[in-house]
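Asker: Return a 3D structure for these sequence lines:
(4 chains)
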4 protein chains.
Amino acid sequence: MIVVMKLEATPEQIAAVEKRLEAMGYSSHLIQGVERIVIGAVGDKKHEGASSLSLLPGVEKLVPVMAPYKLVSREVKSEKSRVDLGCGVVFGGEEVVVMAGPCAVEDEAGLFEVAEKVAAAGGKVLRGGAFKPRTSPYSFQGLEEDGLKLLAEAREQTGLKIVTEVINPQDVELLSAYADLIQVGARNMQNFALLRELGRQPRPVLLKRGLSATIEEWLMAAEYILAEGNYNVILCERGIRTFESYTRNTLDISAVPLVNRLSHLPVVVDPSHSSGDRELVPALSKASVAAGADGLLIEVHPRPELAMCDGPQSLTPEDFARLMQELHVLAGVCGRTVRAPVPEGATRGE
Amino acid sequence: MIVVMKLEATPEQIAAVEKRLEAMGYSSHLIQGVERIVIGAVGDKKHEGASSLSLLPGVEKLVPVMAPYKLVSREVKSEKSRVDLGCGVVFGGEEVVVMAGPCAVEDEAGLFEVAEKVAAAGGKVLRGGAFKPRTSPYSFQGLEEDGLKLLAEAREQTGLKIVTEVINPQDVELLSAYADLIQVGARNMQNFALLRELGRQPRPVLLKRGLSATIEEWLMAAEYILAEGNYNVILCERGIRTFESYTRNTLDISAVPLVNRLSHLPVVVDPSHSSGDRELVPALSKASVAAGADGLLIEVHPRPELAMCDGPQSLTPEDFARLMQELHVLAGVCGRTVRAPVPEGATRGE
Amino acid sequence: MIVVMKLEATPEQIAAVEKRLEAMGYSSHLIQGVERIVIGAVGDKKHEGASSLSLLPGVEKLVPVMAPYKLVSREVKSEKSRVDLGCGVVFGGEEVVVMAGPCAVEDEAGLFEVAEKVAAAGGKVLRGGAFKPRTSPYSFQGLEEDGLKLLAEAREQTGLKIVTEVINPQDVELLSAYADLIQVGARNMQNFALLRELGRQPRPVLLKRGLSATIEEWLMAAEYILAEGNYNVILCERGIRTFESYTRNTLDISAVPLVNRLSHLPVVVDPSHSSGDRELVPALSKASVAAGADGLLIEVHPRPELAMCDGPQSLTPEDFARLMQELHVLAGVCGRTVRAPVPEGATRGE
Amino acid sequence: MIVVMKLEATPEQIAAVEKRLEAMGYSSHLIQGVERIVIGAVGDKKHEGASSLSLLPGVEKLVPVMAPYKLVSREVKSEKSRVDLGCGVVFGGEEVVVMAGPCAVEDEAGLFEVAEKVAAAGGKVLRGGAFKPRTSPYSFQGLEEDGLKLLAEAREQTGLKIVTEVINPQDVELLSAYADLIQVGARNMQNFALLRELGRQPRPVLLKRGLSATIEEWLMAAEYILAEGNYNVILCERGIRTFESYTRNTLDISAVPLVNRLSHLPVVVDPSHSSGDRELVPALSKASVAAGADGLLIEVHPRPELAMCDGPQSLTPEDFARLMQELHVLAGVCGRTVRAPVPEGATRGE
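Answerer: Predicted coordinates:
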C-alpha cells in the first residue's frame, strides 16, 4: 500500500502516519518527491481497516498495490484449472463445452424434445431453470423440485450433464443431489451466504458475473467459494449493465482474455442473456470462441414464440444445430474443439 | 401493450399476430399509420410470455404501456404511507427521521458511546451491522448474534430504535426478534428468497436500491415484500454504480422526488455509502432533505480512523451533531422537521 | 508515479526500469515489499509517454500519484475564484446566481415575455440557444445570429445578462460580441479546438460536464481554457449518463461539493437537463443550493407545451417564480443568497 | 407515436390531446384499454416539438414508434454499402480491411518503418494521428500538417491508403487534401459543425462511436453526414465507457451484428482503444472478425515502450504480423478474407 501525503503535510503528520503504520504491523518507507512525500507501507497481510488511514491529517489518498484475490489468481496457480463434470465433460481443456436448453423447465415433452436436439447438435450440458429469480413476483417462478426431476430424467435419456440455478442457501443440498453443475445467477453473485454454502459442498459451480460487478468483485466472489474448499468453479460472463438500450445487456467480451490472464479458472460466455436478442446470439457465440472462451451457455427452446420466459433470446433447435456446425469449424482454426452436430438421420457413434 | 409491425409486414402476418393476441386473451385494435401498422393489445392482465410475441414474423417490436408494479404504486394508493417503528418514530410523515451509527457493531464500549451521542444529537434510530456482506471472504464478517444483543442493549440505554441488516433468509426470524427495522442491503435487493421471507413477517423493512438497479426494478423488489403481505417498506437510495471513480458510488438524488411521485412508500437516503467520503456527507445530507427525503441513514463512528470498515465515510459524533443542527434549521424551511441536538451538558427533556 | 513490479520480476528487469526512469529524468526509489518490489519515481514534470513504462518486462502496473490538473486546482489557488459578468452578477461569491430562459430562442415575443418574467422572479442571467446542437439533422438548429440579436435586445430591456452556447470554433468571435457568458455544451466538453479558442478571448465561459466525463476529465477541459489565459471559467454539472432510464440523465449532486474541494472555480447546476422532467426541477434545484452550488441554469418557457425543444423539462414562468421564492428562503439558511421575486404588481426597486 | 393517457384522464383531457394532435397534422386513433386510453397518432413526418405533448393534462407518457434515422437505415437501403478508397481497398465487401499504425505520427523514420511492416503483414491502410485530441493541454498535440506530409510520403512508398483524424471543422479541407479516409474521433461524434462540414466534401469518413453514445445516437451522427450528401461513411466501434476499470473502455462487440442489422453502412472495430491493453488486442481482433466486422483499426508502433502516446495498447510489428496470419485463417472459415502476411524475406507479388 502506498500512502500519498498532501502537498502541505507537516513533518508531524508524516511521523503520525509512520507511527500508525507501525502499529498496524507495516514497515514504512519514505519517498521524498519534488512536491510531496509518498510513504510505502510494507507488510505481509492486509490489515482490517487499513482504509481508515486516509483519515489521518495530511493524507491525500491511499493506493493499494496488490490485487485482493489469492486462490483464484494465476500468480498462485499458473496452470489453467480443469473442472470435470464426468463422462468427458471438462471445462478448461481443449474443448469449448456447449451448454444449451430452455430458460426455464416448463414441461416434460418440451424439455425432452429440446434435450435430444441439443445432444444431437453437439451440446454436452443441458441447461434449464427449476428455481427462477424473476423481477416480478407475479411471473412464473419455476417448477422447483419437479423441474429438477425432469432435468434428471432428460439426463438419463440423453447422456447430457445438467446445469441449473440455485437461489436460496437452503436449497443447495437439494440442487447438489440433482445437478452436475450448480449455477449462481447474476443477481446472486454477491449473495455471500449462498457462496459460502456452495463452497462447503463438492459440486462444481457456475458463477455468473453480476450485472454491474467489476471483474475484481467477480473474482472475489469466486474466492469465497474456493476459500471454503470447493475449487471447482467456472466463471460465466453474461453481459453487464450499461446505458445502451438496444441490447438487454452489453457483453463484455474483453472479460474473456482478461480473466484468462488474471485467473486459472475456466471462463464461459452466455450470449443469450448478454444480448437478449436471438438474432445476435450466433455472432456473439462465434466472437466468444474466437476470444478464447472455455464454454458457452445458450438458450434453446423448441418453440421460442411460446416460451414462458426469455423467448426473444432463445434459438430454435434448428438455428442451434446450424450454429454448432459453424462453431465446430471455427474452433478448429482457433486451436480448440467444439463437438460437431450429428448429420440429420444419423446417430452419434461415440 | 403496443405491437409495432415492420414496414414490410404482410396482411397474413398481421392476421397471425391478431390471432395470437386473441389466444392470449387480448382484444386487438389496428392502427394503420402512414408507413406501418401498429396493433394495440387490450387485456386485463399481463400474460406470461407476452414478450415472445416479438418473434412472430413481421413484428418489429413490442412497447409495454403499463408499469409492472401495482401495490407500491401511487395509482393504487394515492396518499403517502407511514411506516411506524413505535414510540413516535414514523417514516413518511412530517419528520425527516435520522438513523445513524457505525458500519459494523465492533464492541460494546464503542457502540454505547456512539449510541448516546447519536441520541443526543437528535438521531432516532441506531444503525449497526451484525451480519456484514463483505466483498472479500477474508474481511471481518460481523459479530452476528452477539452484535444483535449489543444493539438491543444500546436500545435499552438510549431509547433509540435499531436497524440492522439481514443477509440470509434463514436469519430473518432471528433478526426480527431483535431489530425494529430490518435492512436489505444493495447486494441483496434482488435476493427474491430473502424478500419473500421478509414479506411473511411483520417487521418493517428498509430496502436499499441495488448498485445498478433501475428505479423500476427497485419498486418491483418492494412489490415482492408487499405481495406477501408486509406493507411496511421504506426505500433507501444509496448511490448507483457509474463510471465516476472519485466517489464510491453516485448518489441519484433525482430518485427521491421520482419515487415520491411513483410510489406511496417512504424514501430515505444513505449519503455515506453514496459517496464513500465523509467530507461529502454533510452536503449530500442537506441536498437529500431539500429534495424531499423522508429520512437519512448516516455512518457515525467514535473514532473513524480506527473503524474496522467504512472508516473513510464515517462522521465523528461531533461532526454529526453539527450536521444535525444544520439539518434541523434546513428542514424548518422545507416544511419538514428534524429533531435538534441537545445543547452540550443538557439532557433531552422529552 | 509508482511502478509496481510483478511477483516474479528479476533483478535485471528492475535494473532496466530504474535505468529507463533515469533516462526520462526521474530519480527512482526502491521499496522491497514482502512479496514484490515497488519503485517510486520522483521528478518535477510529467514525462510524455511515461505510460509506456508499463510495457517493460517485469512491470505489473503504474500508479499515478498526482492529479493531472494544475491551474484549476485548489492546491495552486486556495481561495474560491469569482467570475464577474458585470453589474453585480458574480459567480463564486455569496449569491447563488440563477440563470433561466428557454432552451432555444424561438421568436421575439416569446423571448421578451420570458425575459421579463425571469427578471421579475429574481433571475439574473437569461439563457437561450441561438446555435443548437441537435441529435437529429432534421431538428430545428437555432436562429443563429438572429437569435443572438434577440438576446441582446432582451438584455437591453431587462438588464439581465445573457448566456448562450457556441458549437463551432469559428463562431467564438461572433458569440463573444453578443454574450456575457459563453456556454460550452456537454457534447463539446472535449472539443479541444473550441476550448483553446475560448481560452484566447476574454469572455467568461460556462463549461458543461460531458455526458460521460469523469470529474477529472472535466477539470482537464477547464484546464485547456485556463492554460490559454482565460481564467473566467464556471463549471456546470448537467447530469451524467447512466443505466437509469426514468430520467434523461442522472444529476451527479456529489460533483458540487467535490468540485468545490478540488477546484477554486465556481460550480453551478442545470437541473433541467439533468432530469429532463420539469416536475423534478424544483427538488433538484433546492438540492443543488443545499449542496453548495454557486448558481443554477433553469429552462423556463412561456408555454412549455408548445416549445420547439425540451418542452418537457421547461418550467412555466409561474412555476419558476414560485421556485425562486423557495430558493430565496432556502439559501438564507445555507449562508447564501438568492434574489427574491418581485411581488406581483410591484417593480424591483434596485 | 403513441400517447398513453393517465388512469384518471378525463374525457375533456382526451379531447384536448386529440385536438392538439390534429393541429400538429396527425390523425388520432383512440384505443380504449381495460384501465386506460391510448391514442395512436398517425402522420407522415416528425413534428418539431412533439415531445411537448407529454405536458398536456392527463398524459402519462409518449412512446415513439419509429427509429429517428432514415438514410443510414436498412429499411431505406437494404443492400450493404461499399466504401471504396481506391486501388481495391473496399469496406463492406468480402474482405475485412485492416488499418494499422501508430497512435500519433511522431517522426519520419519510425513512421516509414511501421508503414512497411504494416504493408508486409497484410494491412491495407496506414493509421496515424497528425492532430491529436488529448485530455491534457500539456500533452503532445501532434505534428499537424507536417504529420500529414509524412503520411502522404509513407503512402507513396508503400501503396497503403491513409486514415487520419480531424478535430476542427476548419481543417477539413486540409485533411481531405491528404487523407484517403478522414477519421472523426469518439470525442467529436456529436460535433455537429464538423459532421456537417464532412458531409459537404467527398472523402470517405470513419465515424467513431462516442464514449457514451447509444447506437441510435451514433447512427444519427452518421445521418448528419449523409444528409449533407456524403454517403461514404464507415462506422467504428471503439469501446464504450462503463464502470469496469481493468480495461480502458468496454468493447461493445454486440454493436457489430446490431449495426449490421440496422444499417447498410460498413462497421469496423478498434480493439486497441477498446481495451487500452495490447495483450487483449489479438483476442478482441479475432472476436471482431468472428462477429462480422468489415475492418479493424489496430495500433502498431515500432517500439511501443517509447511511444509518445498509447504505448500500452500498441502491438509491435512482429505481434501484428502474427495476428494477421491468424486473422487470415480465421476469416477464411467465416466467409470473409484478410490479406495474409508476406513470408519473411519475400515481397508481395501483387
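Asker: Quick one: work out the angle between the helix ranked longest in chain A and helix D:317-333.
Answerer: Scanning chain A for the longest helix, with DSSP state H as the assignment, gives helix A:317-333. Helix A:317-333 runs at 140 degrees relative to helix D:317-333, counting by axes from the mean of the first three to the mean of the last three CA atoms, to 10 degrees.
Asker: how about the residues of the stretch 1-150 of chain A near chain B?
Answerer: Contacts of the stretch 1-150 of chain A with chain B, taken as CB under 8 Å from any CB of the partner chain, map to A:20, A:46, A:48-49, A:51-56, A:68, A:133-140. Every C-beta, even on glycine, is put in place using the N, C-alpha and C of the backbone.
Asker: thinking again about what came up before, list the buried residues in the longest helix of chain A.
Answerer: By neighbour count with 16 or more other CB atoms under 10 Å in any protein chain shown, helix A:317-333 contains the buried residues A:317, A:319-321, A:323-328, A:330-331, A:333.
Asker: Now do residue A:348, the pLDDT please.
Answerer: According to the prediction, residue A:348 has pLDDT 74.
Asker: Please settle this for me: is it part of a helix?
Answerer: No. Membership of residue A:348 in a helix is not supported by DSSP: H, G, I helix; E, B strand; the rest coil, which gives coil.
Asker: wouldn't it be in contact with residue A:121 here?
Answerer: No. Between residue A:348 and residue A:121 there is no contact under CB atoms under 8 Å: 10.3 Å.
Asker: When the two are compared, which one has more neighbours?
Answerer: The neighbour comparison of residue A:348 against residue A:121 (other CB atoms under 10 Å in any protein chain shown) goes to residue A:121, with 26 against 13.
Asker: hey, what's in contact with both of residue A:348 and residue A:121?
Answerer: Counting by CB atoms under 8 Å, 6 or more residues apart in numbering or on different chains, the shared contacts of residue A:348 and residue A:121 are residue A:342.
Asker: coming back round to it: other SSEs contacting the longest helix of chain A?
Answerer: Using 3 or more CB pairs under 8 Å, 6 or more residues apart in numbering or on different chains; DSSP states H and E as the contact test, the elements touching helix A:317-333 are strand A:97-101, helix A:108-121, helix A:281-291, strand A:295-299, helix D:317-333.
Asker: mind putting the ones you listed in CSV, mean pLDDT included?
Answerer: Converted to CSV, the helices and strands packed on helix A:317-333 look like this (pLDDT from 0 to 100):
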stretch, mean pLDDT
strand A:97-101, 98
helix A:108-121, 96
helix A:281-291, 98
strand A:295-299, 98
helix D:317-333, 98
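Asker: tell me the angle the one helix or strand residue A:261 maps to makes with helix D:281-291.
Answerer: For residue A:261, the host element (DSSP states H and E) is helix A:255-262. Helix A:255-262 and helix D:281-291 are oriented at 150 degrees to each other (the same axes, to 10 degrees).
Asker: immediately after helix A:255-262, which helix or strand?
Answerer: strand A:267-269.
Asker: same for that next one, what does it pack against?
Answerer: Using 3+ CB pairs under 8 Å, 6+ apart, strand A:267-269 sits against strand A:233-237, helix A:255-262, helix A:281-291, strand A:295-299.
Asker: Contacts made by the third one with the rest, please.
Answerer: The contact list for helix A:281-291 (CB under 8 Å, 6+ apart) reads A:96, A:251, A:253, A:256-257, A:269, A:271-272, A:274-275, A:296, A:298-299, A:313, A:315, A:319, A:322-323, A:326-327, A:330-331, A:334, A:336, A:338, D:253-254, D:256-257, D:283-284, D:286-292, D:330, D:334.
Asker: which residues of the stretch 101-250 of chain A fall in helices?
Answerer: Here the stretch 101-250 of chain A has its helices, by DSSP state H, counting those that start in this stretch, at A:108-121, A:145-158, A:172-178, A:192-199, A:215-227.
Asker: wait, which of those helices is closest to residue B:32?
Answerer: Among those, the nearest to residue B:32 by CB to CB is helix A:108-121 (37.0 Å).
Asker: As PDB, could you dump the C-alpha coordinates of the closest one?
Answerer: The C-alpha coordinates for helix A:108-121 follow below in PDB (Å, rounded to 0.1, in the frame of the first residue of the first chain):
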ATOM      1  CA  GLU A 108     -41.700 -32.800 -19.800                       C
ATOM      2  CA  ALA A 109     -42.400 -33.000 -23.500                       C
ATOM      3  CA  GLY A 110     -40.800 -29.800 -24.400                       C
ATOM      4  CA  LEU A 111     -37.800 -30.500 -22.200                       C
ATOM      5  CA  PHE A 112     -37.100 -33.900 -23.600                       C
ATOM      6  CA  GLU A 113     -37.500 -32.700 -27.200                       C
ATOM      7  CA  VAL A 114     -35.000 -29.900 -26.700                       C
ATOM      8  CA  ALA A 115     -32.600 -32.200 -24.800                       C
ATOM      9  CA  GLU A 116     -32.500 -34.600 -27.600                       C
ATOM     10  CA  LYS A 117     -31.900 -31.900 -30.100                       C
ATOM     11  CA  VAL A 118     -29.200 -30.300 -28.000                       C
ATOM     12  CA  ALA A 119     -27.400 -33.600 -27.700                       C
ATOM     13  CA  ALA A 120     -27.700 -34.300 -31.400                       C
ATOM     14  CA  ALA A 121     -26.300 -30.800 -32.300                       C
END
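Asker: Apart from its neighbours in sequence, what residue is nearest the residue of the stretch 151-300 of chain A found nearest chain B?
Answerer: Scanning the stretch 151-300 of chain A for the residue nearest chain B gives residue A:212, at 3.2 Å (criterion: CB to the nearest CB). The shortest distance from residue A:212 to any non-neighbouring residue, by CB to CB, 6 or more residues apart in numbering or on different chains, is to residue B:212 (3.2 Å).
Asker: Repeat that for residue A:27.
Answerer: Closest to residue A:27 by CB to CB, 6+ apart is residue A:42, at 4.9 Å.
Asker: Likewise for residue A:248?
Answerer: Closest to residue A:248 by CB to CB, 6+ apart is residue A:276, at 2.6 Å.
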